[in-house]
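# Fold the following for me, if possible:
(6 chains)
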Number of protein chains: 6
Amino acid sequence: MFRHTKLLQCEAKPDGPDAVLARKIQELIGGAWGEMTVATQYLFQGWNCRIEGKYKDLIMDTATEEIGHVEMLATMVARLLENAPATEVAHGVTDPAVAAAVGGMDVQQAIVAGGGATPRDSNGVPWSGGYIVASGNLLADFRTNVAAEAQGRLQTARIFNMTDDPGVREMLKFNLARDTVHQKQWLKAIEELQADGIEDDIAPDALLDVEDQVHNNTIWQLSDGGSGPSGGWSTGEDAIEYLTDPEPLGGPATAPKPDPKLYGSYAAVENAKGTVKGKAQQAGERLG
Amino acid sequence: MFRHTKLLQCEAKPDGPDAVLARKIQELIGGAWGEMTVATQYLFQGWNCRIEGKYKDLIMDTATEEIGHVEMLATMVARLLENAPATEVAHGVTDPAVAAAVGGMDVQQAIVAGGGATPRDSNGVPWSGGYIVASGNLLADFRTNVAAEAQGRLQTARIFNMTDDPGVREMLKFNLARDTVHQKQWLKAIEELQADGIEDDIAPDALLDVEDQVHNNTIWQLSDGGSGPSGGWSTGEDAIEYLTDPEPLGGPATAPKPDPKLYGSYAAVENAKGTVKGKAQQAGERLG
Amino acid sequence: MFRHTKLLQCEAKPDGPDAVLARKIQELIGGAWGEMTVATQYLFQGWNCRIEGKYKDLIMDTATEEIGHVEMLATMVARLLENAPATEVAHGVTDPAVAAAVGGMDVQQAIVAGGGATPRDSNGVPWSGGYIVASGNLLADFRTNVAAEAQGRLQTARIFNMTDDPGVREMLKFNLARDTVHQKQWLKAIEELQADGIEDDIAPDALLDVEDQVHNNTIWQLSDGGSGPSGGWSTGEDAIEYLTDPEPLGGPATAPKPDPKLYGSYAAVENAKGTVKGKAQQAGERLG
Amino acid sequence: MFRHTKLLQCEAKPDGPDAVLARKIQELIGGAWGEMTVATQYLFQGWNCRIEGKYKDLIMDTATEEIGHVEMLATMVARLLENAPATEVAHGVTDPAVAAAVGGMDVQQAIVAGGGATPRDSNGVPWSGGYIVASGNLLADFRTNVAAEAQGRLQTARIFNMTDDPGVREMLKFNLARDTVHQKQWLKAIEELQADGIEDDIAPDALLDVEDQVHNNTIWQLSDGGSGPSGGWSTGEDAIEYLTDPEPLGGPATAPKPDPKLYGSYAAVENAKGTVKGKAQQAGERLG
Amino acid sequence: MFRHTKLLQCEAKPDGPDAVLARKIQELIGGAWGEMTVATQYLFQGWNCRIEGKYKDLIMDTATEEIGHVEMLATMVARLLENAPATEVAHGVTDPAVAAAVGGMDVQQAIVAGGGATPRDSNGVPWSGGYIVASGNLLADFRTNVAAEAQGRLQTARIFNMTDDPGVREMLKFNLARDTVHQKQWLKAIEELQADGIEDDIAPDALLDVEDQVHNNTIWQLSDGGSGPSGGWSTGEDAIEYLTDPEPLGGPATAPKPDPKLYGSYAAVENAKGTVKGKAQQAGERLG
Amino acid sequence: MFRHTKLLQCEAKPDGPDAVLARKIQELIGGAWGEMTVATQYLFQGWNCRIEGKYKDLIMDTATEEIGHVEMLATMVARLLENAPATEVAHGVTDPAVAAAVGGMDVQQAIVAGGGATPRDSNGVPWSGGYIVASGNLLADFRTNVAAEAQGRLQTARIFNMTDDPGVREMLKFNLARDTVHQKQWLKAIEELQADGIEDDIAPDALLDVEDQVHNNTIWQLSDGGSGPSGGWSTGEDAIEYLTDPEPLGGPATAPKPDPKLYGSYAAVENAKGTVKGKAQQAGERLG
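Sure, this is the predicted structure:
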């Protein structure tokens, strides 16, 4: 069960309106790597965590924080839209700065949300439950979390360079910091999983002896950029072998004869160019 | 530019039909962590890579391989569907095994694809370009790749346990191996990025001095599971501080007065319960 | 900012496994009218609310509760899946009850979530940010909330009839109750908006004098079911006029001549069946 | 079965081109609350209506009208795009008004539709069948219809303020009127359902005695805004009780031990930090 | 503007319930090639048609018919679900035929629609506006229409083989016929466009002299199946040349140096493996 | 299995930056008719092709080429974005050309991809697996391929007119040529299918004698545009009959009595306006 305080985790006050920035911040709210993603991802990971204690608690602490990040960003968007040119008519614009705003703003923030944030990305695509994962395997999931925090911090850093508003930058400094510490925390949690003997290097820690014992250590050079083998990954004790001219191991990619009731095209060689109707039609006539 | 050989990277021959398994394998083709995802993700990362040489070559080698994995799985699906009960009528079923197959198969494989694979997941949801990322930052992206290979191997391992078909298992052993080595390779490529001085621990390697210097090293305990601070992440030299009773740093999450032309609900306190119509309507009347 | 307790708002303990029910409950989690929808909808409405005080507080109280409902249902799903036939091979099934479970379960709950809930509906379609609205107009939004609680209660009631598990039914009784009171609360909040003079009957309370003054009170009979005019809506003081043989008010639905650079098909009458190439091609040749 | 006349229900002739407005009108066509939504929603409700007569007829009359609204708006879009700067090159723009148009137009209207409307919203997101509902319960559905007409009228009113084109405004006045009367009609149809003894206040009119009899009349104060209890909803005869310090009713949100064949992370306390490999790996080795 | 009669274009009465078939018919309603697609596609094509007269009229006649096809199929679904095992509990099933139905039915038809059709495909994926096209170029669009009718007839024929219900088959015979004639009609309309001099063989009929005059008549053999050149397409007067060992025409696929404010990974060769921090970080520090 | 060379199939070098064009080119990459669609469509068609030899080889040759087209376009996008105003702040813009670029660019290309292409369309909507088809019936699929190449060439031709950059135009001339030859090739492959006796005119070549023998040759005039019958499709030997005043063949579109456990609204006539509660509630009470 959750509780809420109206106070924001960190202040979210811009110094002035900026409709284009309000649109860009949508990426941090409802983009594939936005706060809705990490909030939902961590919530489902926490609920799906099968080890009570420190891991689950760390996940739920972070999940709960992230809901508050959506709140900060949604508040920032509404404030950036105060006095934005929501109802400006394009053919009357005479100022290039207004033109940039009219062209670059998210029209749904005005038409649908009345001057507020939406659960969508910076191109207006609705956030999707397909973005998140909670697999029940902590190693696989913590690695996904590291990735999510890295992508999230990268996008935040880029947007930091897209504004000169001191109030917005102040909030983004906090967000950057949280993305930094969350990267660190999931990296350390991976070490902890390994120290605790719960997971090892490869996720999942299973079927390692069963899998193909040759091709779990080869890189196939299938592109003609020749520098792949010069990487550190192919040197040292645990070097991965770089196959520089690999050949296919399997036979031809043929598909079986189709079910005649599904009317796939199929014809014996002897029928080709002949007068006999294809197999598909014959089957159809029989089944009519 | 690409070239293709009909020969499969690895053989894909089941010993018999299994429509339910054919549906599950869709997850490995068109699921969020399936082969379409890694193929597309690596292709866009390669094309978006700004460092010529070993990194780009490694990415493109792997990307090219993954297209061939979609091919193996699609071939396997078509073969698993040979002699599957595609047109069986439910009310005529008398065998529980057939009932399980009729209920559990992917009907689109028959109706739409005529007994073949589709670019969708195991619930029939189309693969989405929203699943992938190619950010241009190699550290962020390689971490995402590690995650993708971990989730992919996990799903493959689960499906390995859902079949007893020797031919299918033989192919899955190859797939498991590739997911193993790809995890290793991206982990080592991250080390290489760091050894080469291109990226460091945190992605992106920027704004680290600018971000909030307190809250880039604190975990906020916002859930009542009390074990978070006992994790290894909060001990040692580089311990992250666990704030056990954190307080909000910001003010209330208020939204500004709305633009009257957008008709958001807003009314001064003095009007409430009075006879005067709300501000929204007055504005509307003026603007009519 | 949010806080979380591990304790569930209401107990969520099934008496036994039921994989088919676990799938159906996904509708209540990630369906268009599930708990993810009301949670997200109320959160964005609260953040977008421009009147501080009772309305905003009511919204945020309810929003915060709904996050906890997702938690209850996700917990229930994981427990229903304990000992479910996740890895059963279809061709080995001999028991019709197992066959029904194998056919009817959500395979992603096993393959993707390892035996847990996903942020998707009962057909596996990811939850979408497109399902929710937070318009900034409280009358429009509260009516949407009444609808959401009504649809949600209806689906819960249907699923109540799809299980005989006493533990599941116990939880659903709580959920039904919450959907009942939330319907009541939003209906009463609408009355309050009207009593407070903030909104009236029609949303938005604007442009009512500007709109077409004839056709804001006519129902057009465009289908041949003749009973429409016999409804109570067409009797009494505020009767809506039922036009029983309405004629179009506008002219033909023609589209203008296309921009030649966009190569839409267009040809003057005199060219038809003639030897002259179409306008589109001529334009193309000029622009080459 | 349907029939069509080319004449528009209401005239749709703009006085001049406006590519930015043509984009905004997409929201009224293919947005979540656009005319495609109400048309499809009412059609499916009508087909799914189990009571012949006035209710079904009212639904089908309105459904049929709404298809014609899509037609009016699509016609308006094509006309607004006549002489729009579809092929203008950005770096050659010297007029801020043109800059606003180039930046703010929907490029798919030109590239994909050749200067016409698309079945998408104002950000280009395709209309989705997930937006609509036809539950078979008329009370739940009529409430959803009231909401849809309210949101639709609100968006229309906002767009009315975003144009000064007399021809566009003339059409929007008709659309506003239809959204007004449709709100009224569904509200009155709800009264009729109740007068006819078919449905009552709460949807569905079932399980009301079965649901939790305490918590079908309590509001849980889970956010610290303290004004919730001061609303009219908590006074009078049928007051809803406001629980100002509610406590969870359930136990901890724990997840059960995972199926070992699904490789979720799980480890007994005694294994932690020990030398023994985790349970997951052991299971994996056994199952190889 | 549209009008509606309650009478179905063709009777839609099954002889008995069949929940699995009701699910499959969803593909014909809301699948990518279902009736919602052709109805919407033709409507937008008609509204976007820039030539008044026979073409537009043919399109609008067909569009209007297709809305009625959705109606027939939705009615059929509701009737197939009468007495379907909507609320059957899986663990109580003893009959394999019931097991197949419980496993294979569309649970949303019960939970969401109360025993009716939904605007979704046979896997429950919502119909998407992204499925349709109305380009304004009649040749391109009529070819798309031929394709749509072919795919639609194919799916209908497959489903015809999935039922033995005489009432369903009777309706499908009508649907098959309509898909046949619609294929014929669009093929003949393409001939008419050419006879009328409006479009020619290639869509669009423009830039044909501007495009690359070598590679508008070569097929590149990029796969090792060697039979491509033996097809009729490479013989005769208008033979297409089959390049059996084509070489790339372009240079390497390099990406430019990234914008330092976007923090893409980039490092000069001299920095690699050195002690100097990467360019990205340096840029970040400067920009802080 | 696939192999890759870094060399582009055709050069992709713009003469200068153009962020707005970079956005429009996304339509050719990840739009419904973009290169991701044809690449994926042909790959799945090839893998699903049941006739070894010339058809399958032609499909796989073309499929492999199309992957390279995505590569060309993605490279072009990255190069068009070099020196684009990615981090320009709107309120500082003084040049209308910059304003047009700031308003019209795809912000995700900067925020998400760091100055590169994304697998999305020109409005930022992710590419969807729902766009493609591989039915197993070659006639149906080749017709779909003709349509895809026609729509693709049309969009390419439109974008050709949206740029004056010689380098971009040079590449587009190659793309136009490929779309021309691919249209020709699929048209000729259809002739070949017919010459080989595999398929005939109508897809699928089945159930033609079974379908309704009257209505497989009638066009129903359901719209009041009267020119439909004057088209060439209704003259000559194989004329299609134009029914100018068609009447419905079926009975009323009624839905059956709903399952009481699903709480659809249903009430016998005698209960209406009476004091007895509706059937739905009674059922609910019994089932509690």
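# Briefly note if stretch A:46-60 comes near chain D.
Yes. Among the residues of stretch A:46-60, A:47-52, A:55 lie within reach of chain D under CB under 8 Å from any CB of the partner chain. To be clear about C-beta, it is placed using only N, CA and C from the backbone, and glycine gets the same treatment.
# Nearest to E:G251 among these?
A:N48 (49.0 Å; CB to CB).
# Burial check on that closest one, number of neighbours?
Counted by other CB atoms under 10 Å in any protein chain shown, the residues lying close to A:N48 total 29.
# And A:W220, by the same measure?
Here the neighbour count serves as a burial measure; for A:W220 (other CB under 10 Å) it reads 25.
# what's the answer for the one 10 residues further on, then?
By the criterion of other CB under 10 Å, A:S230 has 14 neighbours.
# For whichever strand or helix holds A:T156, name the packing helices and strands.
Element membership for A:T156 (DSSP states H and E) is helix A:138-160. Counting contacts by 3 or more CB pairs under 8 Å, 6 or more residues apart in numbering or on different chains; DSSP states H and E, the secondary-structure elements packed against helix A:138-160 are helix A:19-30, helix A:35-47, helix A:166-195, helix B:138-160, helix F:107-111.
# So the spatially most central residue of chain A, which state does it fall into?
Closest residue to the average C-alpha location of chain A: A:A32 at 4.2 Å, with CA atoms, centre = their mean. Reducing the assignment to helix, strand or coil with DSSP: H, G, I helix; E, B strand; the rest coil, the entry for A:A32 is coil.
# nearest spatial neighbour of it, skipping sequence neighbours?
Residue nearest to A:A32 in three dimensions, not counting chain neighbours: A:Y131, with 4.9 Å by CB to CB, 6 or more residues apart in numbering or on different chains.
# doesn't A:T37 make contact with that neighbour?
Yes. Contact status for A:Y131 versus A:T37: in contact at 4.9 Å, counting by CB atoms under 8 Å.
# Might you report the residue contacts of A:D121?
A:26-27, A:29-32, A:34, A:127, F:108, F:124 (CB atoms under 8 Å, 6 or more residues apart in numbering or on different chains).
# which one of the residues you listed has the most neighbours?
Ranked by neighbours (other CB under 10 Å), the contacts of A:D121 are led by A:W127, which has 31 neighbours.
# check contacts around that residue.
By CB under 8 Å, 6+ apart, the neighbours of A:W127 are A:29-31, A:34, A:36-37, A:119-121, C:128-129.
# Nearest to chain D, out of those: which one, please.
Within the contacts of A:W127, distances to chain D taken as CB to the nearest CB reach their minimum at C:S128, with 6.1 Å.
# sec struct for A:V210, please.
coil.
# Relative to chain B, which of the contacts of A:D121 is nearest.
A:A32 (5.5 Å).
# A:I219 sits in which helix or strand?
Using DSSP H and E, A:I219 maps to strand A:218-220.
# Which strands or helices does that strand pack on?
strand A:241-243, helix B:54-80, helix B:166-195.
# hang on, the earlier thing: could I get the contacts of A:W127 as CSV with pLDDT?
Converted to CSV, the contacts of A:W127 look like this (pLDDT from 0 to 100):
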residue, pLDDT
A:I29, 98
A:G30, 98
A:G31, 98
A:G34, 98
A:M36, 98
A:T37, 98
A:P119, 98
A:R120, 98
A:D121, 98
C:S128, 98
C:G129, 98
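# Now stretch A:53-68 - C-alpha only, PDB.
Once non-C-alpha atoms are left out, stretch A:53-68 reads as follows in PDB (Å, rounded to 0.1, in the frame of the first residue of the first chain):
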ATOM      1  CA  GLY A  53      14.900  -8.900   2.500                       C
ATOM      2  CA  LYS A  54      17.600  -6.600   1.200                       C
ATOM      3  CA  TYR A  55      17.100  -7.100  -2.500                       C
ATOM      4  CA  LYS A  56      13.300  -6.700  -2.500                       C
ATOM      5  CA  ASP A  57      13.600  -3.800  -0.100                       C
ATOM      6  CA  LEU A  58      16.100  -2.000  -2.300                       C
ATOM      7  CA  ILE A  59      13.900  -2.500  -5.300                       C
ATOM      8  CA  MET A  60      10.700  -1.300  -3.600                       C
ATOM      9  CA  ASP A  61      12.600   1.800  -2.100                       C
ATOM     10  CA  THR A  62      13.700   2.800  -5.600                       C
ATOM     11  CA  ALA A  63      10.300   2.000  -7.200                       C
ATOM     12  CA  THR A  64       8.500   4.200  -4.800                       C
ATOM     13  CA  GLU A  65      10.900   7.100  -5.400                       C
ATOM     14  CA  GLU A  66      10.400   6.800  -9.200                       C
ATOM     15  CA  ILE A  67       6.700   7.400  -8.900                       C
ATOM     16  CA  GLY A  68       7.600  10.700  -7.300                       C
END
